[in-house]
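> pasting the structure only:
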């Protein structure tokens, strides 16, 4: 009975978090391209601010995973402001990384988020990751 109540409480909290996120809109992040250029891997992300507020700043803590799922690098990626409803492409150069070895870019956490009354947890709940290429973008 005790385990059942724990599961029920967790399910209720998860449902509330999802409902709160959908009430505030979504934040779409698509891994759009990955290109080796000189000695860097250039990752391009398309970000869509579907939130109910302008996005003033966002910081993503990401982990690069190789094709076997092993963590190879931890990075902080920051994107600047974006009006409500706007899409933008942001590029990040990763020195000494070969794009061909990447299997997944894991969004480990959101370290910073300024979008109306949403905090980092609210932005994480609103996040909708996707990938247009063979490298997965996941949570």
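Yep, it's here. The model shown is predicted, which means the values in this text are computed figures rather than measured ones.
> how about the strands of the chain, start to end?
In chain order, the chain shows strands spanning 25-37, 40-51, 57-66, 71-79, 87-95, 102-114, 127-131, 136-138, with DSSP state E as the criterion.
> Tell me what angle the third one forms with strand 71-79.
By that I understand strand 57-66. For strand 57-66 against strand 71-79, the angle by axes from the mean of the first three to the mean of the last three C-alpha atoms, to 10 degrees is 160 degrees.
> can you list the weak-confidence ranges in the protein?
Residues of the chain meeting the criterion pLDDT under 70: 1-23.
> tell me, what residue is most central in it?
Against the mean C-alpha coordinate of the chain, by C-alpha atoms, centre = their mean, the closest residue is residue 107 at 4.8 Å.
> Tell me the bridge partners for that residue.
residue 62 (DSSP bridges).
> could you dump the strands of the chain to CSV with distance to residue 121?
(Each C-beta comes from the backbone N, C-alpha and C, glycine too.) Listed next are those as CSV, based on distance: least, C-beta to C-beta, whole Å:
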stretch, distance to residue 121
strand 25-37, 13
strand 40-51, 14
strand 57-66, 13
strand 71-79, 18
strand 87-95, 22
strand 102-114, 8
strand 127-131, 11
strand 136-138, 18
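> I'd like to know which of those strands is closest to residue 120.
Closest of the strands of the chain to residue 120 is strand 102-114, at 4.5 Å (criterion: C-beta to C-beta).
> contact partners of the closest one?
With contact meaning C-beta atoms under 8 Å, 6 or more residues apart in numbering, strand 102-114 is reached by 29, 31, 34, 41, 43, 55-69, 74, 76, 78, 119-124, 127, 129, 135-139.
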